[in-house]
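[1] need a structure here:
(one chain, ligands or ions: 1)
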Amino acid sequence: MAAQHDLPLGELMNADLVRAWRRGAVALAVPAAFFLLLGLACVRGAAWRTWGNHRAPGVVISLNLSHNRGTQPTIEYAVGGKTYKFQTAGNYPAERFAMGQNVTVLYSADRPDFGMLDSFGELWPLPIGLSVVGLALAALAWKARSGLHPALHGLCSFGLVVLGALAGMTVFCLLCVKGGLEIFAGAPRLVTFLGGVLLFFGTVPVAACGAVALWQRYVPARCPRCSGPMRGQHVGRQLIYTCSDCGQRG
Ligand SMILES: [Zn+2]
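    The predicted model follows:
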């Protein structure tokens, strides 16, 4: 007990600081786990498509060209004497496909209508992207246990705005979009419109600003000079961090 009383003020404050940093690590670990699980599920899906599906010859029957977004071709294929068609999920450069071009289609035996173009670009970008985001967040969460450098802390601020907006968007969609809860189903058009607008602005910006405000309020950055807590403050459009122990700015 005596030893604790002898601790200098700075050391006592360190305990709070460590707690604040752990809180930050948890705040980053939650979306990290979410993205990693989602990424894993998508990797599993893509692997199942690649190695577990049957292959059939297909042919490009329409290019669906658009001026600025390239092509999203429609592909026709036949399984067991029945013809099916689908449009690719991804956009491709206009010169990648031609009418009548032969391609390979993936389909599962129990859902032959659920065809997919056999290409890396169709299968893997989403699972890889989600996994990379998850791993990056996990690495940040690990590092955040002992405080983040102001530059990384600022980067997390920006990331949390995006994640907050995505979370808000998800809530908005769950409530309003067809197939969700459809809280405005059967309401007059004006009510649906105004309610939708209000709900949109009540979820997306609030979640985005709320996430970053909580982050800045409860999780300080780590001063590169004295390892003290640094608080971020918006000066114009810039985020400036100032150390409350040594006054270092970054
Ligand atoms: Zn400092």
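[2] tell me where this structure has helices.
    Along the chain, counting by DSSP state H, helices occupy 2-6, 9-47, 120-123, 125-144, 150-176, 189-218.
[3] excluding chain neighbours, what is closest to the residue positioned nearest the centre of the chain?
    Per CA atoms, centre = their mean, the C-alpha nearest to the average position across the chain is that of Leu163, at 6.2 Å. Nearest non-adjacent residue to Leu163, counting by CB to CB, 6 or more residues apart in numbering: Pro31, 5.4 Å away. For every residue, glycine as well, the C-beta is placed using N, CA and C.
[4] how many neighbours does the one you found have?
    Neighbour count of Pro31, defined by other CB atoms under 10 Å: 22.
[5] touching, it and Leu137? I think so.
    Yes. Counting by CB atoms under 8 Å, Pro31 touches Leu137, with 5.5 Å between them.
[6] give me the domain ranges for the protein.
    Residue ranges for the domains of the chain, per automatic domain parsing: 2-42+125-243, 51-118.
[7] report the rounded mean pLDDT for the first one.
    I take that to be domain 2-42+125-243. Taken as a whole, domain 2-42+125-243 carries a mean pLDDT of 89.
[8] the shortest one too?
    Per-region confidence: domain 51-118 scores 92 on mean pLDDT.
[9] up against the ion, what does the protein have?
    Residues of the chain lying close to the ion by CB under 5 Å from the ion are Cys223, Arg225, Cys226, Gly228, Cys243, Asp245, Cys246, Gln248.
[10] give the contact list for the first one.
    With CB atoms under 8 Å, 6 or more residues apart in numbering as the criterion, the residues that contact Cys223 are Pro229, Met230, Cys243, Asp245, Cys246, Gln248, Gly250.
[11] and the longest strand along the chain, what's buried?
    In the chain, with assignment by DSSP state E, the single longest strand is strand 54-62. Judged by neighbour count using 16 or more other CB atoms under 10 Å, the buried positions of strand 54-62 are Ala56, Gly58, Val59, Val60.
[12] just the CA coordinates for stretch 141-157, please, in PDB.
    In PDB, the C-alpha atoms belonging to stretch 141-157 read as follows (Å, rounded to 0.1, in the frame of the first residue of the first chain):
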ATOM      1  CA  ALA A 141      -6.100  -3.200 -32.200                       C
ATOM      2  CA  TRP A 142      -3.000  -5.100 -31.100                       C
ATOM      3  CA  LYS A 143      -0.900  -2.000 -31.400                       C
ATOM      4  CA  ALA A 144      -3.500   0.200 -29.700                       C
ATOM      5  CA  ARG A 145      -3.100  -1.800 -26.400                       C
ATOM      6  CA  SER A 146      -0.100   0.400 -25.700                       C
ATOM      7  CA  GLY A 147      -1.400   3.600 -27.400                       C
ATOM      8  CA  LEU A 148      -1.300   4.600 -31.100                       C
ATOM      9  CA  HIS A 149       1.000   7.100 -32.700                       C
ATOM     10  CA  PRO A 150      -1.000  10.200 -33.600                       C
ATOM     11  CA  ALA A 151      -0.800   9.400 -37.300                       C
ATOM     12  CA  LEU A 152      -2.300   6.000 -36.700                       C
ATOM     13  CA  HIS A 153      -4.800   7.400 -34.200                       C
ATOM     14  CA  GLY A 154      -5.900   9.900 -36.800                       C
ATOM     15  CA  LEU A 155      -6.200   7.100 -39.400                       C
ATOM     16  CA  CYS A 156      -8.400   5.200 -37.000                       C
ATOM     17  CA  SER A 157     -10.600   8.300 -36.600                       C
END
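[13] no further queries at this time; thank you.
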